[in-house]
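Chemist: Provided below for reference: sequence and predicted model.
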Amino acid sequence: MNTEKSGHIQKDFISENMMGPNSLIILEELLENADLKPGMRVLDLGCGKGLTSVFLAKEYGVRVFAVDLWISATENLQRFDSCGVSELVTPIHCDAGKMPFADGYFDAIISVDAYHYFGNKKNFFARKINPLLKKGGLFAVSFPGMKTEIHPDPPKEMLPFWPADAIDKWQTIGWWKPEFEKHLDNFGIWEMNCFEKAWSDWLACKNPYAEEDAVMLKADGGRFMNLIALTGNKH
């Protein structure tokens, strides 16, 4: 992790609130060339326990709307208060397909390790997400994926670690690309460089889910799983 950027968030707070590969490391690579300015309205979609929302508020001074379905708004508000960012971050508990925002409301929509849960339906981006962006607004997301196509016959040795619903959501760059590139200028999609570091930080946490993931990654051995990132600006 870039300590210069993330040093304003305590390490204990980060490890206590991770829900998977270190979202702050992923976010730093994702936004390496982003032009976010104080006061911009940013949707943090699938924010989990709010690590990325805290980072966005502290690092860029943007106005963050932290949306998650699994974590309550009240719980996240307590975290935002403890980090001193509650004036910049609004917690919202809702489904990604039923968000209560006006079209063209956001300067940027960002999502880390969440979009694949709800956005892997055909035309979901075009119908539910793209309308919320201003013209020229930034779309930047990252999520777990696959280096090569594994459907419809996934590797048998990985089946004990990959539930059927997860396999359905883990796709390749080639699978995701058509859903976005026709809607975005300056479009880019790539396999992230931070895979190993982001995962190792998560596996170092004292979390039973991290312990399970350690066994999965050992079985994978770098053969199948990756992290996919994509960015672009609304036409």
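Modeler: Arrived safely.
Chemist: looking at the chain, which helix or strand does the model trust least?
Modeler: helix 3-6 (a mean of 44; mean pLDDT, DSSP states H and E).
Chemist: Check which helices and strands the longest helix seen in the chain sits against.
Modeler: The residue-count maximum for a helix in the chain (DSSP state H) belongs to helix 208-220. Here helix 208-220 touches helix 195-203, going by 3 or more Cβ pairs under 8 Å, 6 or more residues apart in numbering; DSSP states H and E. In short, each C-beta sits where N, CA and C put it, glycine included.
Chemist: Any chance you could list what contacts the helix it packs on?
Modeler: For helix 195-203, the external contacting residues (Cβ atoms under 8 Å, 6 or more residues apart in numbering) are 1, 15, 18, 20-23, 25-26, 192, 210, 213-214, 217, 225-227.
Chemist: Please repeat the previous calculation with a cut-off of 10 Å.
Modeler: Here helix 195-203 makes contact (Cβ atoms under 10 Å, 6 or more residues apart in numbering) with 1, 11, 14-15, 18-29, 112-113, 142, 144, 192, 194, 209-211, 213-214, 217-218, 222, 225-228.
Chemist: Could you pick out the buried ones from these?
Modeler: Buried members of the contacts of helix 195-203, scored by 16 or more other Cβ atoms under 10 Å, are 1, 14-15, 18-29, 112-113, 142, 144, 192, 194, 210, 213, 217, 225-228.
Chemist: In helices only, show me those residues.
Modeler: Those of those mapping onto helices are 14, 15, 23, 24, 25, 26, 27, 28, 29, 210, 213, 217, per DSSP H.
Chemist: separation between residue 26 and residue 193?
Modeler: In this structure, residue 26 and residue 193 are 10 Å apart, going by Cβ to Cβ, to the nearest Å.
Chemist: Next, find the distance separating the closest residue to residue 217 other than its chain neighbours from residue 94.
Modeler: Counting by Cβ to Cβ, 6 or more residues apart in numbering, residue 217 lies nearest to residue 199, which is 6.3 Å off, once chain neighbours are set aside. Distance of residue 199 to residue 94, given as Cβ to Cβ: 29 Å.
Chemist: Pick out whichever of these two has more residues nearby.
Modeler: residue 199 (21 against 13; other Cβ atoms under 10 Å).
Chemist: what are the ranges of the helices in this protein?
Modeler: 3-6, 11-17, 23-30, 51-60, 73-82, 115-118, 124, 164-169, 173-180, 195-203, 208-220.
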